[in-house]
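Colleague: Give me a model of this one.
(chains A and B)
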Protein chains: 2
Amino acid sequence: MAAAPVWSVDPRTGKQRERVGAEATARDVDAAVRAARAARGALADRAVRAAFLRSAAAGLDAAADGLIETADAETALGPVRLTGELARTVYQLRAFADLVDEGAFLDVIIDHPDGTATPPVPDLRRYKVPLGVVAVYSASNFPFAFSVAGGDTASALAAGCPVVVKAHPDHPALSELVAGVLRRAAAEHGVPEGAVGLVHGFGAGVELIGHPLVAAAGFTGSVRGGRALFDAAAARAVPIPFHGELGSLNPVLVTEGAAAERAEAIGSGLAGSMTLGVGQFCVKPGLVLVPCGVAGDRLLNSLAGAVGDTAAGVLLDHRMRDAFIAGVAERARLPGVEAPVTPGAGGEHTVSAGFLTVPASALAAEGVYDLLLEECFGPVTVVVRYAGDGEATAVLSRLPGSLTATVHLSAGEAAGAGRGAEILAELTPLAGRVLVDAWPTGVAVAPAQHHGGPYPATTSTSTSVGGTALERWLRPVAYQNTPEALLPRELRDGNPLGLPRRFNGRLER
Amino acid sequence: MAAAPVWSVDPRTGKQRERVGAEATARDVDAAVRAARAARGALADRAVRAAFLRSAAAGLDAAADGLIETADAETALGPVRLTGELARTVYQLRAFADLVDEGAFLDVIIDHPDGTATPPVPDLRRYKVPLGVVAVYSASNFPFAFSVAGGDTASALAAGCPVVVKAHPDHPALSELVAGVLRRAAAEHGVPEGAVGLVHGFGAGVELIGHPLVAAAGFTGSVRGGRALFDAAAARAVPIPFHGELGSLNPVLVTEGAAAERAEAIGSGLAGSMTLGVGQFCVKPGLVLVPCGVAGDRLLNSLAGAVGDTAAGVLLDHRMRDAFIAGVAERARLPGVEAPVTPGAGGEHTVSAGFLTVPASALAAEGVYDLLLEECFGPVTVVVRYAGDGEATAVLSRLPGSLTATVHLSAGEAAGAGRGAEILAELTPLAGRVLVDAWPTGVAVAPAQHHGGPYPATTSTSTSVGGTALERWLRPVAYQNTPEALLPRELRDGNPLGLPRRFNGRLER
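Modeller: Below you'll find the predicted structure:
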């Protein structure tokens, strides 16, 4: 039986652009994993890894025009957004190269023998080693930053782990181009090209998570797909870590004071954030608590005006368009839910942005309105009108975990008066990133970034953006009573590599 | 229906000592979890946590005589071993208190806004917060160090997480006593006694892992029990981290050179390590690769002499005694397996130590001999006789993950000649702790300790001993654009708490 063909499709027309290749068979997946595993030795050298990452960044930069053209043809995200996303991806590769040079992630801890301790301490030296081959599941909505050369791949390679990437079917042609750039960068530094494997097809993704030589996985996508893979990772004879970013509601609370002070600015800001990228960001604000009353009404008027002025947009694929249209319709049908600007089908291939409103009381207890607590991918948000802090708190207490939680405060609350600190304390259990007077879209690549949150935002306590994303692909090993001659250089007393470490209890940097 | 009674049993006689209480019902478990959750606020203050841990240490010290007497009556581990174990447990509580004071575990990272980055970086400040209520499953074989006041509890409390401990049925009376000490220590510092919950019974353990308000779990025990709980943790609507230490073979390789130099010392050292605590350590060397030939024969003679001289001992309970006797008999029946000193039943309540031998060729491929690659709890080890490095490497490549892997080298190999470095590289993928010319029993409580390893040694990449055990119970949260007045003190520019941190990319200590 011939392997199923893989087609690149133009979401603006729904038409096939070109045939990219074929879906990977079980044998193909096995070959990719074995080839990746064979690259571990070459990646063991930190200097090689850093140089490889920097060459990959340079390679993407050099190929930018063609990459952006293909990405736009496959995703309709537009050259402006894609140019920014590619720049971010390149920056990220270089940032990880810098972290590889620094070596803090090795988490070196050295204890000399101490006979006075209870029990006595022998010579112990610990650092972190790469886990092995990492399976990376690309996201639909970030063809660069969360795909073949995205954060999972960059952090895994930085950690010394080869990857096998499962391409997203929304951008198979781009995936092949980017993988080619990475492989050429690998070859420049003597790293086997198998260090970056690429497979296509749903079945290949399932094969990959079950492969005995896959040591960990990173995933960005839907709750349904991510949970199925998480379950498969946990059910293996030897379970493996599965770092999945699944779904996120990203609640926003606008206090009465904030609405009174800045109703119009908050309304238009919200419109910008929820419609950015046709609402296809995992950090799109999907549920917004707005106070009842005049100030809240002004906010909604501003929101309605701005959302109403937003041009119809093309979603990443037609399946998503269908899901969006069905999802908003199902929500809008709930009694008491209104649609001041109706989201749904635009033209034949587009969708229109809009928003729904619901009284907070509807969400007070489990029931049909729980649908509103699930992410709806695309340009829609649910505005929950609340009367008094009690109602707002009650809604917050019912929310699932999110990547972000945001509050807009009055100037006085921001300065410490009123309930500002209390609200931050209410939002912290809900999310991995808490924002004040800002919008969650736009995820900076920075050491302090945390892009993760309580389930279903992520399936672990880790982040997929920022320097600490690297920690996901490592495990500690301690060496006891090991002669200097046999110790890895990272663990020698003299610190020949100049690593930050904990030495006999004291932090050294 | 009345709840099932919980009995304290004397393993030296198999007789019930006293009735301790009743198995917890689902309602009891729910009450314990809710009481624990209510203690989160009091544990949020690091100074309170540190003081609480130190009072717990002092309380255990003060109650030592009674605790050791009860522990010995329930476990037959003997006062010497138990005195040492309690001292270690007390030391561990104080060590975690010191880490709480230091605050490095908060992993503070602060980034000031940077408009030149791609994309621009806003004000971002990240640290780690406690996960919530931690379920702790006590171990049979460490009534102090891995039980009610053991490493899981100490590290969870240090992280700011209340605990509900599932007592081990081998020491229910001791569990109640220790929980009492911890609760009194809590009360001294205004921490609700519910911060340390205690439940008895198999069913209570199952309830606990499924409770929606339990946020994570720590476990030390068997592969079967641990895997069932791991599966339950993963199958929850909201999965939770499950840090389980399940089973470990702890392979040892004796090189030909080492055997030639120190056959007798290695044989007697092995005897001491494998029979320590009646072979009931999770780091007992369970499979030892010894070269064929004269030096290896001398090693075995030494081992046989020392093991043969070991007095029969009492295992923790009669179920374990039955399992040990059946387990060694099943292994000894395999064709080609010999028992130079036969392990098995001793007196009516005791067992005798012994060891088995098998040629390396038997383990070259999957088959009936795979039983020898499973941990057998109790005073037995399997000696694998190998001819040449190739056979040794082949056996190592078939081993499951372990807590430890050990090599005994010749003086020349230790100095860097021969295959020393190569052997370390072969052992590293197998374990979380690699030892040279030492024995794995005796797990120091030290910053560089790593007590964990590839599955089934542990179900995660974490450790249950040493300072980094604390990391298991935390998750990061980033605050974006948050006014100084609302920021936790840990995240303020001026660093009023003097915390080690990463500030605008640079490590500060």
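Colleague: mind showing which ranges of the stretch 351-500 of chain A have poor pLDDT?
Modeller: The stretch 351-500 of chain A contains no residues with pLDDT under 70.
Colleague: Run through the residues that contact the closest residue to A:F242 other than its chain neighbours.
Modeller: Computed as C-beta to C-beta, 6 or more residues apart in numbering or on different chains, the closest residue to A:F242 that is not its neighbour in sequence is A:A233, at 3.8 Å. Bear in mind the C-beta positions are built from the backbone N, C-alpha and C, glycine included. Each residue near A:A233 by C-beta atoms under 8 Å, 6 or more residues apart in numbering or on different chains is listed here: A:209, A:217, A:239-242.
Colleague: Of the residues you listed, which is the most crowded?
Modeller: A:A217 (29 neighbours; other C-beta atoms under 10 Å in any protein chain shown).
Colleague: Could you measure from the residue nearest to A:F242 over to B:Q280?
Modeller: 32 Å (C-beta to C-beta, to the nearest Å).
Colleague: nearest to B:L315, of the contacts of A:A233?
Modeller: Of all those, the one with the least separation from B:L315 (C-beta to C-beta) is A:P239, at 29.6 Å.
Colleague: On the pLDDT front, check that closest one for me.
Modeller: Per-residue pLDDT puts A:P239 at 98.
Colleague: In this model B:F230 seems to touch it, though I could be wrong.
Modeller: Yes. Taking contacts as C-beta atoms under 8 Å, A:P239 lies within contact range of B:F230: 7.0 Å.
Colleague: ok and the residue in the stretch 251-400 of chain A nearest chain B?
Modeller: A:P400 (8.1 Å; C-beta to the nearest C-beta).
Colleague: for the contacts of A:A233, which one is nearest B:L131?
Modeller: For those, the nearest to B:L131 is A:P241 (16.5 Å; C-beta to C-beta).
Colleague: Tell me who's in contact with that closest one.
Modeller: A:P241 neighbours (C-beta under 8 Å, 6+ apart): A:131, A:216-217, A:233, A:460, A:472, B:460-461.
Colleague: Next: A:G286.
Modeller: A:248-251, A:274, A:375-376, A:380-382.
Colleague: Make CSV from the residues you listed and add distance to chain B to it.
Modeller: Shown next, in CSV, are these (distance: C-beta to the nearest C-beta, whole Å):
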residue, distance to chain B
A:S248, 14
A:L249, 14
A:N250, 12
A:P251, 15
A:M274, 18
A:E375, 15
A:C376, 20
A:V380, 24
A:T381, 19
A:V382, 22
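Colleague: from the residues you listed, which is closest to B:P143?
Modeller: Of the contacts of A:G286, the one sitting nearest to B:P143 (C-beta to C-beta) turns out to be A:S248, at 43.8 Å.
Colleague: near chain B, which residues of the stretch 101-250 of chain A?
Modeller: A:104, A:107, A:109-111, A:114, A:117-122, A:124-126, A:129, A:131, A:230-231, A:234-235, A:238-239, A:241 (C-beta under 8 Å from any C-beta of the partner chain).
Colleague: Taking these, please make a PyMOL selection of just the buried ones.
Modeller: In PyMOL syntax, the buried subset of these is picked out as below (16 or more other C-beta atoms under 10 Å in any protein chain shown):
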select buried, chain A and resi 104+107+109+110+111+114+117+118+119+121+122+124+125+126+129+131+230+234+239+241
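Colleague: Return the subset of the residues of the stretch 101-250 of chain A next to chain B lying in strands.
Modeller: Among these, the residues falling in strands (DSSP state E) are A:109-111, A:124-126, A:129.
Colleague: any chance of these in CSV, plus pLDDT?
Modeller: As requested, these are exported to CSV (pLDDT from 0 to 100):
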residue, pLDDT
A:I109, 98
A:I110, 98
A:D111, 98
A:L124, 98
A:R125, 98
A:R126, 98
A:V129, 98
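Colleague: Tell me which two of those sit farthest apart.
Modeller: Comparing every pair within these by C-beta to C-beta identifies A:D111 and A:V129 as the most remote, at 18.3 Å.
Colleague: which helices and strands does the longest helix along chain A pack with?
Modeller: Selection of the longest helix in chain A by residue count, based on DSSP state H, yields helix A:79-102. Helices and strands touching helix A:79-102, by 3 or more C-beta pairs under 8 Å, 6 or more residues apart in numbering or on different chains; DSSP states H and E, are helix A:46-62, helix A:64-75, helix A:151-159.
Colleague: Could you give me the buried positions within the longest one?
Modeller: Within helix A:46-62, the residues scored as buried using 16+ other C-beta under 10 Å are A:46, A:48-61.
Colleague: what does stretch A:198-218 give?
Modeller: Buried residues in stretch A:198-218 (16+ other C-beta under 10 Å): A:198-201, A:203-205, A:207-211, A:214-218.
Colleague: and if you look at stretch A:252-261?
Modeller: In stretch A:252-261, counting by 16+ other C-beta under 10 Å, buried: A:252-261.
Colleague: tell me which of those residues is nearest to A:P456?
Modeller: A:V252 (18.3 Å).
Colleague: Find the residue closest to the residue of the stretch 151-300 of chain A found nearest chain B in space, skipping its chain neighbours.
Modeller: Nearest residue of the stretch 151-300 of chain A to chain B, counting by C-beta to the nearest C-beta: A:A234, 3.7 Å away. Nearest non-adjacent residue to A:A234, counting by C-beta to C-beta, 6+ apart: B:A234, 3.7 Å away.
Colleague: wait, what's in contact with that neighbour?
Modeller: Contacts of B:A234 by C-beta under 8 Å, 6+ apart are A:230-231, A:234-235, A:239, B:242.
Colleague: my guess is A:G205 meets A:H168, correct?
Modeller: No. Taking C-beta under 8 Å as the definition, A:G205 is not a contact partner of A:H168, at 9.8 Å.
Colleague: okay, and the common contacts of the two?
Modeller: In contact with both A:G205 and A:H168: A:Y137, using C-beta under 8 Å, 6+ apart.
Colleague: Please identify the helix or strand for A:L399.
Modeller: Secondary structure assignment for A:L399, by DSSP states H and E: no helix or strand.
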